[in-house]
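1. Next come a sequence and a model predicted from it.
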Amino acid sequence: MKNVDIQFLLRTLKNRYPDVKTQLVHQTPFQLLTATILSAQCTDRQVNQVTRHLFARFPDPAVLAAANLTDIKKIIYSTGFYNNKAKNIKACAQALLDRHDGQVPDDLDLLVKLPGVGRKTANVVRSAAFGHPAIVVDTHVLRISGRLGLTRSRDPVKVEFDLMKIIPKSAWSDLSLQFIYFGRDICDARKPKCDQCPLFDVCVFPGKKNTDTK
DNA sequence: ATCCCGAGGG
DNA sequence: CCCTCTGGAT
């Protein structure tokens, strides 16, 4: 796409966020998958607060699939979208039993077929639970990729493929997390802190705040 | 008011 | 493509 210096980009983010890892507390791939479904439009802190209780009572697919839906709703209530999420995590647990012997698959196509699991969730699980390189295109990655001129698309899938072309595979997973942290504390949606941005010089975002004096 | 590591349905 | 689902933090 645009000729942003990828090496500079990776170096800068690595320097700022050296050891990125998911903040979602979990002990198994199943728990990470469930926590990630719950994380839609919700902070990780909030998710961890409810999964603490959720996993204590329903630690694995067999137990969660057999759980009472209303009980699940009560526990996950504060993560928002609780009707959909409760239905999805229960159905997902059941699907894991039916199709995968209770194990979480590491295959993207199989993951995406699970209830409540979209491409973003699938890629989180692939990278965080299985160590597979994956670009996770969430709202932050979508926005920042556009602003940095790494893609011209607004379609998450196309953005994912655009990034895969220009980013070395070894950096895929870390870069996704780094963009997310970077999006939270510098390049947020409404008022990006361009005056504090380490990538200001390579950014092509037309709306960026120019602190130049001339 | 606006945002948080979205997904499913029409 | 759009809409809807939703509580909590700031």
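-> Thanks, I have it.

2. From now on I want contacts and neighbour counts done on CA atoms only, so please keep to that.
-> Noted.

3. shaky segments in chain A?
-> A:1-3, A:210-214 (pLDDT under 70).

4. Just the C-alpha atoms of the lengthiest helix in it, please, in CSV.
-> Across chain A, the longest stretch assigned as helix under DSSP state H is helix A:82-100. C-alpha atoms of helix A:82-100 as CSV (Å, rounded to 0.1, in the frame of the first residue of the first chain):
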residue,chain,number,x,y,z
TYR,A,82,-25.8,-10.7,27.9
ASN,A,83,-28.7,-12.4,26.1
ASN,A,84,-26.7,-13.0,22.9
LYS,A,85,-23.5,-13.8,24.8
ALA,A,86,-25.1,-16.3,27.2
LYS,A,87,-26.8,-18.1,24.3
ASN,A,88,-23.6,-18.1,22.3
ILE,A,89,-21.2,-19.3,24.9
LYS,A,90,-23.6,-22.1,25.9
ALA,A,91,-24.2,-23.1,22.3
CYS,A,92,-20.5,-22.8,21.5
ALA,A,93,-19.7,-25.2,24.4
GLN,A,94,-22.3,-27.6,23.1
ALA,A,95,-20.8,-27.4,19.5
LEU,A,96,-17.4,-28.1,20.9
LEU,A,97,-18.8,-31.3,22.4
ASP,A,98,-20.7,-32.3,19.3
ARG,A,99,-18.1,-31.5,16.7
HIS,A,100,-14.7,-31.5,18.3
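
5. That helix packs against which elements?
-> helix A:29-38, helix A:61-65, helix A:69-76 (3 or more C-alpha pairs under 8 Å, 6 or more residues apart in numbering; DSSP states H and E).

6. Deepest in the core, which of these is it.
-> helix A:29-38 (a mean of 24; mean count of other C-alpha atoms under 10 Å).

7. That helix versus helix A:69-76: what angle between them?
-> 80 degrees (axes from the mean of the first three to the mean of the last three C-alpha atoms, to 10 degrees).

8. next SSE after helix A:29-38?
-> helix A:44-57 (DSSP states H and E).

9. Distance from that following helix to the middle of the chain?
-> Centre-to-centre, helix A:44-57 and its host chain are 17 Å apart (C-alpha atoms, centre = their mean, to the nearest Å).
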